[in-house]
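Colleague: here's a sequence, model it:
(one chain, ligands or ions: 1)
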Amino acid sequence: MANIHIPPGWRLRERDVTPESIYLDRRQFVARMGGGAVLAAASIACGPGRGAAEVQRGPLDNIPDTPTADLYPVAMSDPRFTPGERHGEVSPEEIVATYNNFYEFGTDKDGVWRNVAPFEARPWEIEVSGLVDNPGVYDLVELERAFPLEERIYRHRCVERWSVVVPWIGFPLARLVERVQPRSDARYVAFVTFDRPEQAIGRKSMTWWPWPYHEALRMDEAMNELAFVVTGMYGHPLQKQNGAPVRIHLPWKYGYKSPKSIVRIDFTAEQPPTFWNTSTPAEYGFYSNVDPGVPHPRWSQAQEEIVGTGTRIPTLPFNGYGEWVSDLYGGRVTPVGDVPHAR
Ligand code: MTE
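Modeller: All right, here's what the predicted structure looks like:
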């Protein structure tokens, strides 16, 4: 992955740093308008009939027309996943929506939001396959309505040394896994993302990558209560550049373990290949837990920069979420052999 430069607020209150007005206003606005009206307005602005020349689309106008818009915003949930001293302050949505890694739409972080217009992120189905009792094709709407949506404010730490704090909306991955009933021989869960060169300029032009983007977890990681299936952010459905209509978020792992726009979940007995480990095994492992003690071969991981602020903070083992996940790895942050340079 490319290196980056980013412009602080680790120990401030949420309302000090986050243009919380932006966040709350948007939530209240969406709620007042009944969600759907706002989304309809956004999709009209994006709609092909209007023509790009007539309507200037902004980075916050990339919410697909969502049949479950009535579910947003959701009630604030578990107080363990709130900002503050441990996890930092919520980043402005304008930052999170304009500083993206989503190679299907190019490698310029501030260009992704401009390139997602052709991507049709609804309607959406997820195929569940492999070692499960209930395989099949699930409509995302059915899943969004089956599991209560909750909001979790998670720190999102990229292997490139930048981080943001995002109010994601979704449901625990464990609920979905329980619903499809893995068989006893299922030891891993693989995620495969969409593969549409005609709608994704990066996917079309960068043919050397092992598309589609794919990731995987061990079953006990997938069942950990932190593992989150994300369908929304900042009180509304996901922006396309952030992985609409459905992505995974795993706050104790580097961001590349959190695949966007997933279309298939496969349950396997053997460890599945992953996009970055396949393409650059000397640099990116399978587990990829955030570990300040194991440098990337080309840079230290001891610190990170909070995007949009210029502030640098020490990186924490497991990105600060060790209390939930350290038991999974026998006392280590980076399991032995995960990357060749880890001792
Ligand atoms: N998912 C897909 N399908 N394609 C990608 O290129 N990039 C990953 C991850 N998921 C990626 C992906 C990386 S490297 C990061 S850091 C995060 O998405 C970025 O998520 P964000 O843009 O919402 O911050």
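
Colleague: could you find the closest non-adjacent residue to the residue in the stretch 151-300 of the chain that the ligand sits nearest to?
Modeller: Nearest residue of the stretch 151-300 of the chain to the ligand: residue 255, at 2.7 Å (C-beta to the nearest ligand atom). Any C-beta I mention is one placed from the backbone N, CA and C, and that applies to glycine too. Spatial nearest neighbour of residue 255, chain neighbours left out: residue 158 (4.2 Å); criterion: C-beta to C-beta, 6 or more residues apart in numbering.

Colleague: next, count neighbours for the residue of the stretch 151-300 of the chain closest to the ligand.
Modeller: 21 (other C-beta atoms under 10 Å).

Colleague: likewise the one 10 residues further on?
Modeller: By other C-beta under 10 Å, 25 other residues sit near residue 265.

Colleague: same question, residue 134
Modeller: 10.

Colleague: give me the three-state assignment for it.
Modeller: What DSSP: H, G, I helix; E, B strand; the rest coil gives for residue 134 is coil.

Colleague: and the pLDDT for it?
Modeller: Here, the pLDDT recorded for residue 134 equals 97.

Colleague: list the contacts for the nearest residue to it once chain neighbours are set aside?
Modeller: Excluding the flanking residues, the one nearest residue 134 by C-beta to C-beta, 6+ apart is residue 180, at 4.6 Å. Contact analysis of residue 180 by C-beta atoms under 8 Å, 6 or more residues apart in numbering lists 128, 132, 133, 134, 135, 265, 267.

Colleague: how many residues are close by the second one?
Modeller: Residue 132 sits with 19 neighbouring residues when counted by other C-beta under 10 Å.

Colleague: specify the beta-bridge partners of it.
Modeller: Per DSSP bridges, the residues bridged to residue 132 are residue 182.

Colleague: now the residue nearest to residue 134: phi and psi?
Modeller: phi -90, psi -10 (degrees, to the nearest 10).

Colleague: partners of the lengthiest strand in the chain, with directions?
Modeller: Longest strand in the chain, counting residues (DSSP state E): strand 162-172. Strand 162-172 pairs in its sheet with strand 150-157 (antiparallel), strand 228-233 (antiparallel), strand 303-306 (parallel), by DSSP bridges.

Colleague: and which of the contacts of residue 180 is nearest the ligand?
Modeller: The closest of those, once distances to the ligand are taken by C-beta to the nearest ligand atom, is residue 265, at 13.9 Å.

Colleague: the closest one - that's part of a strand, no?
Modeller: Yes. With three-state DSSP as the criterion, residue 265 is part of a strand.

Colleague: list the contacts of it.
Modeller: Here residue 265 is in contact with 126, 127, 128, 129, 176, 180, 189, 190, 191, 192 (criterion: C-beta under 8 Å, 6+ apart).

Colleague: am I right that the third one is in contact with residue 135?
Modeller: So the one you mean is residue 128. Yes. Counting by C-beta atoms under 8 Å, residue 128 touches residue 135, with 5.3 Å between them.

Colleague: tell me the phi and psi of the most centrally placed residue in the chain?
Modeller: Closest to where the C-alpha atoms of the chain average out (C-alpha atoms, centre = their mean) is residue 249, at 4.5 Å. Main-chain dihedrals, residue 249, degrees, to the nearest 10: phi -140, psi 130.

Colleague: residue 319 versus that one, what's the distance?
Modeller: Residue 249 sits 11 Å away from residue 319, going by C-beta to C-beta, to the nearest Å.

Colleague: likewise residue 335?
Modeller: Counting by C-beta to C-beta, the gap from residue 335 to residue 319 is 16 Å.

Colleague: more neighbours, these two?
Modeller: residue 319 (26 against 15).

Colleague: chain neighbours aside, what residue packs nearest to the more buried one?
Modeller: Per C-beta to C-beta, 6+ apart, closest to residue 319 is residue 290, 3.9 Å.

Colleague: burial count for that neighbour?
Modeller: Counted with other C-beta under 10 Å, residue 290 comes out at 29.

Colleague: show me what contacts it?
Modeller: Contact partners of residue 290, counting by C-beta under 8 Å, 6+ apart, are 157, 252, 253, 254, 301, 315, 316, 317, 318, 319, 333.

Colleague: adding distance to the ligand, write the contacts of residue 180 out as JSON lines.
Modeller: Below are the contacts of residue 180 laid out as JSON lines (distance: C-beta to the nearest ligand atom, whole Å):
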{"residue": "128", "distance to the ligand": "18"}
{"residue": "132", "distance to the ligand": "23"}
{"residue": "133", "distance to the ligand": "28"}
{"residue": "134", "distance to the ligand": "25"}
{"residue": "135", "distance to the ligand": "22"}
{"residue": "265", "distance to the ligand": "14"}
{"residue": "267", "distance to the ligand": "20"}
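
Colleague: ok, which pair from these is furthest apart?
Modeller: 133 and 265 (14.1 Å; C-beta to C-beta).

Colleague: contact residues of this structure facing the ligand?
Modeller: 1, 100-104, 156, 158, 193, 213, 242-243, 255-256, 258-261 (C-beta under 6 Å from any ligand atom).

Colleague: just the buried residues of these.
Modeller: The neighbour count (16 or more other C-beta atoms under 10 Å) marks 1, 100-104, 156, 158, 193, 213, 242-243, 255-256, 258-261 as buried among the residues of the chain next to the ligand.

Colleague: in strands, which of those residues fall?
Modeller: Per DSSP E, the subset of these in strands is 156, 193.
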